[in-house]
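**Q** give me coordinates for this.
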Amino acid sequence: MESTQLENIEISADSLKANDHGEARDEIEIEKREIPLVEEEEEEDDTDDITETSSSVTDKSSINNDDVVKILQPHSLLPKPEAPRGLSNPENNNNDNENDMSLIPGASSIGKFIRERSNEFSVAIVKRLSSLKENSNDDKDKDKDNENDVTQFDLSGLKVIVKHKNDMELKGRISFFSRSNCRDSTAVRRFFREKGLKYVEINIEVYPEREKELVERTGTSSVPQIFFNDKLFGGLVALNSLRNSGGFDQRVKEMLSTKCPSDDAAPASPVYGFDDQEEESTDEMVSIVKVLRQRLPIQDRLMKMKIVKNCFSGREMVEVLINHFDCGRKKAVYIGLQLARKHFIHHVFGENDFEDGNHFYRFLEHEPFIPKCFNFRGSINDSEPKPATMIAQRLTKIMTAILESYASDDRRHVDYKAISNSEEFRRYVNLAQELHRVNLLALSENEKLAFFLNLYNAMVIHAVIRIGCPEGAIDRRFFFSDFHYLVGGYPYSLNIINHGILRSNRRAPLSLLKPFGTGDKRLELAPAKVNPLVHFGLCNGTRSSPTVRFFSPEGVESELRCAAREFFQGDGMEVDLEKRTVYLTRIIKWCNVDFGNDKEILKWILNYLDATKSGLLTHLLGDGGPINIVYQDYNWSLNS
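**A** Numbers count the residues shown, from 1 in each chain. The predicted model follows:
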């Protein structure tokens, strides 16, 4: 047994001299694996026999080599042998007493194993990198021909991916004219996005002054009209034809390989911060209001045991009108009534329009709710109010254009940051100031319904941008109750629009009071009957709410039904037939008075389900068994 062990060691040393580094390493590993096999055969012997064997080996070697013990040196890539305990250099022992791993049983074996594995890993990396270098030199010409390919190198424990840059860059400009709610324009926009091509969109609903340019360049006002640099390409039909023939990419390279001949040649990009020059008609009452603002004694008064700020009496106003405009008292009272109906002034408690006497009034800009109105920017819009239908239409078109540009195709994700930096949103905020004194009573029932649905969804986008997403209960209270718009002379929060107008003055969830008190003028705008579909047309900016959309007055009923169908066919309702359980959105629980009892709710939902869910729910309703209704948790995360 002793001679066998020595022969193995000598063979390993000879193989190290004869073979290269890699082969020597492999043979050493083999020999190391054979030696423990010898030890395993002698496990039955006691420790003393093992000691004698090792000593006899030493004796034999010393006799054969003139009393000199020869130590076979391992290969340079292998770890150095460790001296037995007690034979190491005393100097080194003194320096390493604190970290002497030999005192820990099995520590030398662990260290040797770690070093062996690290050396093997190092050799593997060196060999792999060398082969990669040779391959890269041989395939250099081949890689040049495949610049768009992705090359992947797999190393042990390391993955390197090199992506070659595409040198083809479009130097020209793609631009196209569009409209809001135009299917062809949506198709063109989606095609360019899928191709990864940058484009300039000119929505003539947002930039109405550009419609004249569209007609001059194309001879028609129809959209979409696509331009490659200064050359008219055509509409959706031309785009589909070129795409189907497979020549689109080549055509793009040809037409956009050079820059535009001049900035005026191609349709210009919309410029941020410049509004259209519109003719504003000044209200005929503005000259009178300016005089009253200067001459009336505006101050705080005591009325009904309350301090009323920034007000004046009806008698004081009548006296100023008589003295300055040289009119009679009856004429002065009539002027006061006209100013009140146009929302230049209000009674401090809303008790009347205007009367001569000791009644107190204040100007609209002095109302205490004005600081909460985010469409008020320093002064009241004194221009002659435009028709409510016109303002509503313009707001709807510009907000639709915003969604088409900065929301996902399914409208479930909205890029609020991009909206806040856009020219479209800046124009929307300016346009919202025209709501200050608009006459909403002139709207029809469907126009009112569409107006307040759209106003709610637009205000939510504005609120998220200005004050952020409502994460906690306190934030939600501020978000829904304290973010106001000044509309038609009165403040409107999200809660007032939802529960006061659309739900005909019904209490909000967890609220003991109705939004409107007795005699509130805003209650005149509420519908006589609540339409439960409105809950699925309102998006409050969260992931559990319906998707954001805007409605047209002529199609608001059918569009609401479509919104409800989309909501219930998605995550708004689920049926578990085995558990006889229906999972419903928590919106229905919050406003269950609008839907009826549980059985009526399920029957009502049947009208808005797909075939699968409708069949499951019909089966549960028809067999006469009990049905459990579980309301889903509401996800308040932002739909961004």
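**Q** show me where pLDDT drops low in this protein?
**A** Residue ranges of the chain with pLDDT under 70: 1-170, 263, 278-280.
**Q** longest strand anywhere in this protein?
**A** Longest strand in the chain, counting residues (DSSP state E): strand 306-313.
**Q** for that one, buried residues please.
**A** Neighbour-count burial for strand 306-313 flags 308, 311, 312, 313 (criterion: 16 or more other C-beta atoms under 10 Å). The way it works is simple: take the backbone N, C-alpha and C, and place the C-beta from them, glycine included.
**Q** helices or strands up against it?
**A** strand 299-303, strand 360-363 (3 or more C-beta pairs under 8 Å, 6 or more residues apart in numbering; DSSP states H and E).
**Q** pull out the buried residues from whichever helix or strand comes after the shortest one.
**A** Using DSSP states H and E, the helix or strand that follows strand 360-363 in sequence is helix 388-406. Buried positions in helix 388-406, judged by neighbour count with 16+ other C-beta under 10 Å: 388, 391-406.
**Q** one step back: and the contacts of the helix or strand just after the longest strand of the chain?
**A** From strand 306-313 onward toward the C-terminus, using DSSP H and E, the following helix or strand is helix 314-325. With contact meaning C-beta atoms under 8 Å, 6 or more residues apart in numbering, helix 314-325 is reached by 288, 291-292, 295-297, 327-329, 331-333, 335-336, 345, 354-361.
**Q** return the distance of helix 314-325 from the chain's centre.
**A** 56 Å (C-alpha atoms, centre = their mean, to the nearest Å).
**Q** buried stuff in whatever helix or strand comes next after that helix?
**A** Sequence order places helix 329-341 as the next helix or strand after helix 314-325, per DSSP H and E. Within helix 329-341, the residues scored as buried using 16+ other C-beta under 10 Å are 332, 333, 335, 336, 339, 340.
**Q** between these, which sits nearest residue 384?
**A** residue 339 (13.8 Å; C-beta to C-beta).
**Q** list the contacts for that closest one?
**A** Contacts for residue 339 (C-beta under 8 Å, 6+ apart) come out as 285, 288, 289, 292, 345, 354.
**Q** at 7 Å instead, please
**A** Counting by C-beta atoms under 7 Å, 6 or more residues apart in numbering, residue 339 makes contact with 285, 289, 345.
**Q** this protein - how does it break down into domains?
**A** Split into domains by the TED database, the chain comes to 174-256, 284-368, 388-560, 566-631.
**Q** which among those is found nearest to residue 275?
**A** Closest among the domains of the chain, using C-beta to C-beta: domain 388-560, at 6.3 Å.
**Q** excluding covalently adjacent residues, which one is nearest to residue 331?
**A** Leaving aside its sequence neighbours, residue 331 sits nearest to residue 321 (C-beta to C-beta, 6 or more residues apart in numbering; 7.7 Å).
**Q** what residues of stretch 584-603 count as buried?
**A** 584, 585, 587, 588, 591, 592, 594, 595, 601, 602.
**Q** export the residues you listed to JSON lines and tack on distance to residue 612 and secondary structure?
**A** Listed next are the buried residues of stretch 584-603 as JSON lines, based on distance: C-beta to C-beta, whole Å; DSSP: H, G, I helix; E, B strand; the rest coil:
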{"residue": "584", "distance to residue 612": "17", "secondary structure": "strand"}
{"residue": "585", "distance to residue 612": "18", "secondary structure": "coil"}
{"residue": "587", "distance to residue 612": "22", "secondary structure": "helix"}
{"residue": "588", "distance to residue 612": "20", "secondary structure": "helix"}
{"residue": "591", "distance to residue 612": "27", "secondary structure": "coil"}
{"residue": "592", "distance to residue 612": "25", "secondary structure": "helix"}
{"residue": "594", "distance to residue 612": "26", "secondary structure": "helix"}
{"residue": "595", "distance to residue 612": "22", "secondary structure": "coil"}
{"residue": "601", "distance to residue 612": "19", "secondary structure": "helix"}
{"residue": "602", "distance to residue 612": "16", "secondary structure": "helix"}
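**Q** of all those residues, which comes closest to residue 257?
**A** Using C-beta to C-beta, these come closest to residue 257 at residue 585, 53.1 Å.
**Q** got phi/psi on the nearest residue to that closest one once chain neighbours are set aside?
**A** Residue nearest to residue 585 in three dimensions, not counting chain neighbours: residue 572, with 4.5 Å by C-beta to C-beta, 6+ apart. Main-chain torsions, residue 572, degrees, to the nearest 10: phi -80, psi -10.
**Q** could we number from 40 for the rest of this?
**A** From this message on, residue numbering opens at 40, which makes the last subject residue 611.
**Q** pick the most deeply packed of the helices and strands packed on strand 345-352.
**A** Comparing the helices and strands packed on strand 345-352 by mean neighbour count (mean count of other C-beta atoms under 10 Å), strand 399-402 comes out on top with a mean of 20.
**Q** let me know which of the domains of the chain is tucked in deepest.
**A** domain 427-599 (a mean of 19).
**Q** what residues does stretch 286-298 touch?
**A** Residues from elsewhere that reach stretch 286-298, judged by C-beta under 7 Å, 6+ apart: 209, 210, 211, 267, 268, 270, 281.
**Q** need phi/psi at the third one.
**A** When read as degrees, to the nearest 10, the backbone of residue 211 gives phi -90, psi -160.
**Q** residues contacting it?
**A** Contacts of residue 211 (C-beta under 7 Å, 6+ apart): 267, 268, 294, 295, 297, 298, 299.
**Q** just send the residues you listed back as CSV, with distance to residue 525 too.
**A** CSV is the format used below for the contacts of residue 211 (distance: C-beta to C-beta, whole Å):
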residue, distance to residue 525
267, 46
268, 45
294, 49
295, 47
297, 51
298, 47
299, 44
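**Q** let me know the closest of these to residue 679.
**A** Here the nearest of the contacts of residue 211 to residue 679, counting by C-beta to C-beta, is residue 295; it sits at 32.7 Å.
**Q** if I look at that closest one, how far off is residue 230?
**A** From residue 295 over to residue 230 the distance is 16 Å, taken as C-beta to C-beta, to the nearest Å.
**Q** same check on residue 278?
**A** The spacing between residue 278 and residue 230, counted by C-beta to C-beta, is 7 Å.
**Q** what do you get for residue 525?
**A** Taken as C-beta to C-beta, the span from residue 525 to residue 230 is 41 Å.
**Q** CA atoms of stretch 330-337 as PDB?
**A** Only the C-alpha atoms of stretch 330-337 are listed here, as PDB (Å, rounded to 0.1, in the frame of the first residue of the first chain):
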ATOM      1  CA  VAL A 330     -67.100 101.600 -12.200                       C
ATOM      2  CA  LEU A 331     -68.700  99.600  -9.400                       C
ATOM      3  CA  ARG A 332     -65.400  97.900  -8.500                       C
ATOM      4  CA  GLN A 333     -63.800 101.300  -8.000                       C
ATOM      5  CA  ARG A 334     -66.600 103.200  -6.300                       C
ATOM      6  CA  LEU A 335     -68.400 100.700  -4.100                       C
ATOM      7  CA  PRO A 336     -67.400 100.600  -0.400                       C
ATOM      8  CA  ILE A 337     -66.400  97.000  -0.200                       C
END
